[in-house]
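**Student:** structural data only, the sequence is not supplied:
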C-alpha cells in the first residue's frame, strides 16, 4: 500500500516539462493523468481547500486530446496539462466568484485573454482556486468560502492572495496555476508553499478578464513547480492583447530558452532594507546561505540601499485602496452583486445593503479607498503616495544602473498560524514590505523555494529591470539548481 | 489626527453602512495613523507616473460587437430597461 502511495505521489509530482515528455512519448495518457489528478483533489481537498469550484468536464476534455493525439492531429503545446486558475480570472461558463459572497453565483460570459491563450494551447482547467476576497490579503483567510491551508502544515496559512493556486501546485492537485499579483499575491503564497511564483513586468501579460482590484499595479503571473515550468507558462500568456491597451510587445522572446545561461559575472544588489530589522532569524539565515550560493556561482553581490522603501507600505495601500474603492463601486446589485429585489428601497439604502455582503478586508479597504483621495486629504495621502511611488521608481532605476538583478527574501517571516494575525490588519500589511516594490515600480520579480525550516517553507526573491524576464528566469534557475528540497508531506 | 466622524463620512460616501461597526472605525483609524509616515517622505519635487499612449497606438475606432449578449447579465433587466431602486 505504502509503495503504491509513493508511486502515486511521484507520478503526480512531475514538472510540466516531464509531463510533456511523457505524453509526447506515449508513456502517459492525458486522461490517465487527469483522472489521477481529480482523484488526488478529492482526497486532499478536505484538509487543504485549494479550490472553490472544479471543472466537471476535465476528464472528457482529456479524452478529446488523447483522441487527437491518436489520430495524429495537431495538439497545442500544453498537451492537456492540468492547470488551475485563480477565481478572480474569468473563465467562460464557469463560476468566477473572487471568493466573495457578492459574486457567489457569477458565471463569466467570456474567457480572460490568459485563459483563452492557455485553452488555445490545449491546457485543461482543473478548477478555480481560492483567494482572499477580491485578492485583498496575504493569507487566504479572507475568503468567503473559508481559508485554504498550507500543505506543509495545515495549521498554517498558505500565504495569499493566490493561496489556493499555490496550494494546488504544491499539493499536486495540478501542474501549474495562474495567480494575480497586486502587492505580492503570486510570490507570497509561492514562498509559503515552496513553489515558484513569477510577477511579470507590468504590461507583459494581459489583464483583460482579470477582475479589477488595482489596475495600475496588478499583473497575472504563473505559479509552478520549477522556474522552467513558469517560463513555459509565461511564453503562452504574455504579449500584446488588443483588449488591454497597457500590454507590451515582447517580440519573439522565448523565456524557456537558454535558462542554463548561469549568473557568472552578474551584479546582484542585496536590498539592505529587506534583510535587516523585522526579518525572522531563520529567514535571515536562509538569505545569507542563498547569497553565498549566488556568489559561488560567480555573481558579484553587494548591498544596495533603497531609502524610500520605508514608505512603500503606506504608498502601496494608499494607491491600492483608492483604485479598489473605484473598481468595487460596480458591486451595487444592479450590474453585479448579491441578489435581492429593488422594490421598497431608496437608492443609497439599497446599495448599502448590498455592500454589507463584502467581507471585513474589502470593507476596510473600501473605507480607506474613499478616505485617502477625499477632499481635504487628497494631497496628504493619495497625491503624496503617487509622488513617493515616482521616487521609489527612480531609486530602482538608479539601482539597475549598478546591478543586473536585485535580491531579498520573498517574505520577512515564516508562514504563520491560521487566525494568528487576522484581527490586526496593519500587521498583515507590513509583511508586504519585500514584495510591493515590484508592483509600485512595474518591474518583474520571482520567488524561488529555497529552504524548509521547522517544516515550513522559505522562498527567496529576485528582481530584474522592466522586460528583463529572461535574465530574471536564468538567475532564478541557477539558484534553484543549488537547492534540494523534500517533497510535500501531505 | 483623523477624526472618527470623518471616517464614518468617508464610509457613507462609498455607501458602506457602519452602524454597528465600531471595530472597522478603530482599525481604519490605526491604518490612517500609520499612513502619516508619508508626511516624512520628501518627494515634493517628484512628478506622477502616468500612462501615456500616442493616438496611433490605439486600436481602430471601429464597432466590434461582443459575441455574447452581455446585457442579459444585468440583474433586474427587463428587456428594454434596467430596474433600479428609486432615486428620490
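**Tutor:** All right, it came through fine. Values in this document were obtained by computation on a predicted structure and should not be read as measured data.
**Student:** distance of residue A:299 from residue A:265?
**Tutor:** Noted for residue A:299: a distance of 8 Å to residue A:265, by C-beta to C-beta, to the nearest Å. Placement of C-beta: from N, CA and C, glycine included.
**Student:** higher neighbour count, these two?
**Tutor:** Each of residue A:299 and residue A:265 has its neighbours counted (other C-beta atoms under 10 Å in any protein chain shown); residue A:299 has more, 22 against 9.
**Student:** tell me the secondary structure at the residue lying farthest from the centre of chain B.
**Tutor:** Taking C-alpha atoms, centre = their mean, the residue of chain B most remote from its mean C-alpha position is residue B:56, at 29.8 Å. For residue B:56, the secondary structure call by DSSP: H, G, I helix; E, B strand; the rest coil comes out as helix.
**Student:** and the one 4 residues further on, by the same measure?
**Tutor:** When classified by three-state DSSP, residue B:60 comes out as coil.
**Student:** distance of it from residue A:242?
**Tutor:** On the measure of C-beta to C-beta, residue B:60 and residue A:242 end up 10 Å apart.
**Student:** which of these two has more neighbours?
**Tutor:** Per other C-beta under 10 Å, whichever of residue B:60 and residue A:242 has more neighbours is residue A:242, with 12 against 7.
**Student:** please tell me the pLDDT value assigned to the closest residue to that one other than its chain neighbours.
**Tutor:** Once flanking residues are discounted, residue A:242 sits nearest to residue B:59: 5.4 Å by C-beta to C-beta, 6 or more residues apart in numbering or on different chains. Looking at residue B:59, its pLDDT is 79.
**Student:** same question, residue A:200
**Tutor:** 98.
**Student:** what does residue B:46 give?
**Tutor:** Residue B:46 is assigned 86 on the pLDDT scale.
**Student:** surely it touches residue A:392?
**Tutor:** No - applying C-beta atoms under 8 Å as the test, residue B:46 and residue A:392 come out as separate, 9.6 Å apart.
**Student:** of the two, who's got more company?
**Tutor:** Relative neighbour count places residue A:392 above the other of residue B:46 and residue A:392, with 26 against 19, counting by other C-beta under 10 Å.
**Student:** could you find the closest non-adjacent residue to that one?
**Tutor:** Closest to residue A:392 by C-beta to C-beta, 6+ apart is residue A:308, at 4.8 Å.
**Student:** helices of chain B, start to end?
**Tutor:** B:4-13, B:22-35 (DSSP state H).
**Student:** name the surrounding residues that touch the first one.
**Tutor:** Residues external to helix B:4-13 that are found in contact with it (C-beta atoms under 8 Å, 6 or more residues apart in numbering or on different chains): A:366-367, A:370-371, A:374, B:17-18, B:24-25, B:28-29, B:32.
**Student:** repeat that for 6 Å
**Tutor:** With contact meaning C-beta atoms under 6 Å, 6 or more residues apart in numbering or on different chains, helix B:4-13 is reached by A:367, A:370-371, A:374, B:18, B:25, B:28.
**Student:** swap in the last one?
**Tutor:** The set of residues external to helix B:22-35 that reach it, using C-beta under 6 Å, 6+ apart, is A:314, A:364, A:367, A:381, A:425-426, B:2, B:4, B:7.
**Student:** which two from those residues end up farthest apart in space?
**Tutor:** A:314 and B:4 (20.4 Å; C-beta to C-beta).
**Student:** just give me the neighbour total for the residue nearest to residue A:242.
**Tutor:** Around residue B:59 there are 9 residues (other C-beta under 10 Å).
**Student:** now the helix or strand where residue A:459 lies: mean pLDDT?
**Tutor:** Secondary structure from DSSP states H and E places residue A:459 in strand A:456-464. Taken as a whole, strand A:456-464 has an average pLDDT of 98.
**Student:** just checking: what are the partner strands of that strand?
**Tutor:** If you go by DSSP bridges, strand A:456-464 pairs up with strand A:405-409 (antiparallel), strand A:445-453 (antiparallel).
**Student:** list the contacts of that strand.
**Tutor:** With C-beta under 6 Å, 6+ apart, strand A:456-464 has contacts from A:152, A:191, A:194, A:283, A:286, A:290, A:405-410, A:414-415, A:438, A:443-451, A:471-472, A:475-476.
**Student:** what do you get for stretch B:69-84?
**Tutor:** For stretch B:69-84, contacts defined as C-beta under 6 Å, 6+ apart pick out A:109, A:334, A:342.
**Student:** name the nearest residue to the second one, sequence neighbours excluded.
**Tutor:** By the measure of C-beta to C-beta, 6+ apart, the closest residue to residue A:334 outside its immediate chain neighbours is residue B:84, 5.3 Å from it.
**Student:** next, count neighbours for that neighbour.
**Tutor:** Counted with other C-beta under 10 Å, residues neighbouring residue B:84 total 17.
**Student:** so what does it look like in phi/psi?
**Tutor:** The phi and psi values for residue B:84, taken as degrees, to the nearest 10, are phi -120, psi 160.
**Student:** next: residue A:53.
**Tutor:** phi -140, psi 160.
**Student:** ok, now the one 10 residues further on?
**Tutor:** Recorded main-chain torsions at residue A:63 are phi -60, psi -40, according to degrees, to the nearest 10.
**Student:** and it, what does it touch?
**Tutor:** If you count contacts by C-beta under 6 Å, 6+ apart, residue A:63 has them with residue A:31.
**Student:** buried residues in stretch B:61-78?
**Tutor:** Of the residues in stretch B:61-78, B:75-76 count as buried by neighbour count, 16 or more other C-beta atoms under 10 Å in any protein chain shown.
**Student:** actually stretch A:323-332, sorry about that
**Tutor:** A:323-328, A:331-332.
**Student:** save the residues you listed as a markdown table, and put in distance to chain B and secondary structure too.
**Tutor:** Below are those laid out as a markdown table (distance: C-beta to the nearest C-beta, whole Å; DSSP: H, G, I helix; E, B strand; the rest coil):
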| residue | distance to chain B | secondary structure |
| --- | --- | --- |
| A:323 | 13 | helix |
| A:324 | 10 | helix |
| A:325 | 6 | helix |
| A:326 | 10 | helix |
| A:327 | 12 | helix |
| A:328 | 9 | helix |
| A:331 | 10 | coil |
| A:332 | 8 | coil |
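**Student:** so where's the chain uncertain?
**Tutor:** Using chain A here. Low-confidence segments of chain A (pLDDT under 70): A:1-10.
**Student:** wrong one, chain B
**Tutor:** For chain B, counting by pLDDT under 70, the residues that fall below are B:20, B:49, B:67-68.
**Student:** change it to 50
**Tutor:** Chain B contains no residues with pLDDT under 50.
**Student:** return the residues in contact with the residue minimising distance to the centre of it.
**Tutor:** Centre of chain B computed as the mean C-alpha position; nearest residue by C-alpha atoms, centre = their mean is residue B:14, 7.9 Å away. For residue B:14, the contacting residues are A:325, A:366, A:370, by C-beta under 6 Å, 6+ apart.
**Student:** what helix or strand is the closest residue to it other than its chain neighbours located in?
**Tutor:** Using C-beta to C-beta, 6+ apart and skipping the chain neighbours, the partner closest in space to residue B:14 is residue A:370 (3.8 Å). Using DSSP H and E, residue A:370 sits in helix A:360-371.
**Student:** please apply the same query to residue A:192.
**Tutor:** Using DSSP H and E, residue A:192 falls in helix A:187-193.
**Student:** tell me the first helix or strand C-terminal of that helix.
**Tutor:** By DSSP H and E, the next helix or strand past helix A:187-193 is strand A:196-199.
**Student:** starting at the chain centroid, how far to that next one?
**Tutor:** Strand A:196-199 sits 6 Å away from the centroid of its parent chain (C-alpha atoms, centre = their mean, to the nearest Å).
**Student:** what's it packed up against?
**Tutor:** With contacts taken as 3 or more C-beta pairs under 6 Å, 6 or more residues apart in numbering or on different chains; DSSP states H and E, strand A:196-199 sits against helix A:187-193, strand A:219-224, helix A:227-237, strand A:445-453.
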